[in-house]
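**Q** sequence first, then the predicted structure:
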Amino acid sequence: MNEPFSPALVTSLVFALVLLANLAVKFWLASRQIRAVARHRAAVPAEFVDTIALSSHQRAADYTVAKLRFGLLELGVAAAVLLGWTLLGGLEWLNGALLDWLGPRPLLQPLALLVSFAVINGLIDLPASVYQTFVIEERFGFNKMSWSLWLGDLLKSTLLSLAIGVPLAAGVLWLMQATGDAWWLWTWAVWMVFSLLMLVIYPTVIAPLFNRFQPLQDESLSERVGQLMARCGFKAKGLFVMDGSRRSAHANAYFTGFGAAKRVVFFDTLLSQLTPAEVEAVLAHELGHFKHRHIVKRIAGLFAFSLAGLALLGWLSGQPWFYAGLGVTPNLPATLGGAVPNHALALLLFLLVVPLFSFFLSPLMAQLSRKHEFEADAYAASQANAQDLSNALVKLYKDNASTLTPDPLYVRFYYSHPPASERIARMGAQVLPT
Ligand SMILES: [Zn+2]
């Protein structure tokens with residue numbers, strides 16, 4: 001050992017330390033949140049005392065804690081899986097096995113590596129998904145899925161992922177090999193075109209494979225919504241009601257697509273819980289996101305981050321220590337005649353490791369998102385009625401069993417939406433009995 005601190009060893013150490021830091025911070029935040037919710041379980045917060053029953057409040061606390069506890073278990077499993085793929089040699093083994101089986105085929109072997117990695121990870125994630133749906137959601141009365149529906153969804157989404165993912169992965173691998181040193185720039189361009197395409201295809205082609213979308217039938221509500229949209233100068237290609245109740249009792253409304261594919265989607269569960277005035281206020285909030293160009297800003301942010309990420313990957317993929325430090329032997333040109341490039345390995349290692357670092361940016365991202373929510377609320381208050389939005393929020397919090405007493409630091413890291421009490425106070429509305 002002439003080089004006690006080889007670049008590969010330093011890489012392994014940095015990786016291990018960042019993984020430990022992730023685990024420590026995530027465990028700490030989750031236990032803070034569990035304690036904050038448990039501490040307030042005995043009493044409804046003063047401002048909600050006339051609106052939310054103690055039983056609802058305690059159900060929300062129990063649901064939140066059950067999800068957090070399970071999240072801690074998942075965190076441990078995810079860390080073990082990550083170590084398994086990297087330092088413990090999982091990816092090294094898979095790559096070697098596929099090389100033995102398929103030989104050094106320049107496109108086929110890396111493609112097989114990407115697909116088998118995705119399939120194995122998907123299988124590892126299955127038990128957690130089953131437990132979440134059929135134990136946690138079931139216990140709190142949210143799950144409406146039968147096993148056959150769940151299996152049908154799994155089959156459909158697997159086939160769809162393969163149909164879309166395999167050609168995309170093959171195209172990206174080909175670009176990586178064919179375009180020389182600037183492959184990351186080409187890959188970025190293709191990936192971004194694909195993302196924009198998905199924004200159009202998802203609401204019009206993919207989502208209808210899983211749910212039924214019917215034009216909004218309720219005439220008085222349609223008229224009300226139409227007037228709001230005219231007032232806001234907004235043209236959507238349609239108002240749709242989605243049969244969300246087939247799968248879950250959670251309620252939602254969203255706004256999707258862009259250009260010609262733009263549409264407003266209400267979950268049937270939302271329409272059954274809110275009054276027309278409240279639905280209007282919720283939609284005004286969604287239109288606020290559009291008016292403030294939040295969606296365009298988010299897409300621009302994604303473009304910039306992906307470009308920076310791919311540039312970094314372009315550089316890392318040429319560094320032998322990047323592979324060795326993460327437990328993988330790069331395919332050596334000398335042994336394989338240079339036939340199999342390392343792009344697929346680099347891509348997988350990168351996808352495994354990047355979240356550990358980007359996690360520390362999540363307070364920034366979450367803060368930006370919460371700022372957007374306040375802006376959309378302010379817009380809704382100017383175009384519809386703030387009190388209606390406040391009433392709708394309280395109902396949704398109650399029906400979704402969301403906690404009203406989160407830990408402030410947990411909020412900073414994870415909450416894309418500000419806590420209900422802050423949103424209501426900011427709008428100058430009140431918590432009224434409904
Ligand atoms: Zn929003």
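**A** Cool, got the structure.
**Q** quick one: low-confidence parts of the stretch 51-200 of the chain?
**A** The stretch 51-200 of the chain contains no residues with pLDDT under 70.
**Q** which residues in the stretch 301-434 of the chain form helices?
**A** Ranges of helices in the stretch 301-434 of the chain, per DSSP state H, counting those that start in this stretch, are 320-324, 333-336, 343-358, 362-383, 386-399, 408-414, 420-426.
**Q** which of the ones you listed sits most buried?
**A** helix 386-399 (a mean of 22; mean count of other Cβ atoms under 10 Å). Backbone N, C-alpha and C define where each C-beta goes, glycine included.
**Q** how about residues contacting that one?
**A** With contacts defined as Cβ atoms under 8 Å, 6 or more residues apart in numbering, helix 386-399 is touched by 48, 51-52, 56, 60, 249-251, 270, 273-275, 277-282, 284-285, 377, 380-381, 402, 404, 420, 423-424, 427-432, 434.
**Q** out of those, who's near the ion?
**A** Applying Cβ under 5 Å from the ion to the contacts of helix 386-399, one finds that nothing falls near the ion.
**Q** let's have the helices of the stretch 301-434 of the chain in JSON lines, adding mean pLDDT.
**A** What follows is the helices of the stretch 301-434 of the chain, written out as JSON lines (pLDDT from 0 to 100):
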{"stretch": "helix 320-324", "mean pLDDT": "93"}
{"stretch": "helix 333-336", "mean pLDDT": "50"}
{"stretch": "helix 343-358", "mean pLDDT": "94"}
{"stretch": "helix 362-383", "mean pLDDT": "96"}
{"stretch": "helix 386-399", "mean pLDDT": "92"}
{"stretch": "helix 408-414", "mean pLDDT": "96"}
{"stretch": "helix 420-426", "mean pLDDT": "93"}
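**Q** redo the ones you listed as a markdown table? Include distance to residue 124.
**A** Shown next, in a markdown table, are the helices of the stretch 301-434 of the chain (distance: least, Cβ to Cβ, whole Å):
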| stretch | distance to residue 124 |
| --- | --- |
| helix 320-324 | 23 |
| helix 333-336 | 29 |
| helix 343-358 | 13 |
| helix 362-383 | 23 |
| helix 386-399 | 32 |
| helix 408-414 | 23 |
| helix 420-426 | 35 |
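**Q** nearest to residue 64 among those helices would be which one?
**A** With Cβ to Cβ, the closest approach to residue 64 among the helices of the stretch 301-434 of the chain belongs to helix 408-414: 10.4 Å.
**Q** okay, domains of this structure per the record?
**A** What the record gives for the chain is the domain set 7-208+316-361, 210-296+364-427, from automatic domain parsing.
**Q** could those domains go into a markdown table alongside distance to residue 302?
**A** Output for these, formatted as a markdown table (distance: least, Cβ to Cβ, whole Å):
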| stretch | distance to residue 302 |
| --- | --- |
| domain 7-208+316-361 | 7 |
| domain 210-296+364-427 | 11 |
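**Q** hmm, back to that, out of the helices of the stretch 301-434 of the chain, which comes closest to residue 173?
**A** Of all those, helix 343-358 comes closest under Cβ to Cβ, at 6.1 Å.
**Q** what inclination does the closest one have with respect to helix 362-383?
**A** Angle of helix 343-358 versus helix 362-383, following axes from the mean of the first three to the mean of the last three Cα atoms, to 10 degrees, is 70 degrees.
**Q** tell me how far residue 59 lies from residue 92.
**A** 47 Å (Cβ to Cβ, to the nearest Å).
**Q** so the two - more neighbours on which side?
**A** Each of residue 59 and residue 92 has its neighbours counted (other Cβ atoms under 10 Å); residue 92 has more, 18 against 15.
**Q** which one is that one nearest to, not counting chain neighbours?
**A** Distances taken as Cβ to Cβ, 6 or more residues apart in numbering put residue 328 closest to residue 92, at 4.9 Å, once the chain neighbours are dropped.
**Q** what sits against that neighbour?
**A** With Cβ under 8 Å, 6+ apart, residue 328 has these contacts: 86, 91-92, 95, 345, 349.
**Q** ok, residue 10 next?
**A** 321, 325.
**Q** quick one, grab the pLDDT at it.
**A** At residue 10, the predicted lDDT confidence score is 95.
**Q** my read is that residue 426 contacts residue 374, right?
**A** Yes - assessed by Cβ atoms under 8 Å, residue 426 is found in contact with residue 374 at 5.9 Å.
**Q** out of the helices of the stretch 301-434 of the chain, flag the one nearest residue 43.
**A** Checking those against residue 43 by Cβ to Cβ gives helix 420-426 as the closest, at 14.5 Å.
**Q** contacts for that closest one next, please.
**A** Residues outside helix 420-426 that contact it (Cβ under 8 Å, 6+ apart) are 45, 47-48, 373-374, 377-378, 390, 393-394, 397, 402, 404, 417-418, 430-431.
**Q** can you give me the strands for the stretch 151-300 of the chain?
**A** Secondary structure of the stretch 151-300 of the chain (DSSP state E, counting those that start in this stretch): strands at 213-215, 239-242, 253-256, 263-267.
**Q** which bits of this structure sit near the ion?
**A** Within the chain, the residues that sit near the ion (Cβ under 5 Å from the ion) are 373, 376.
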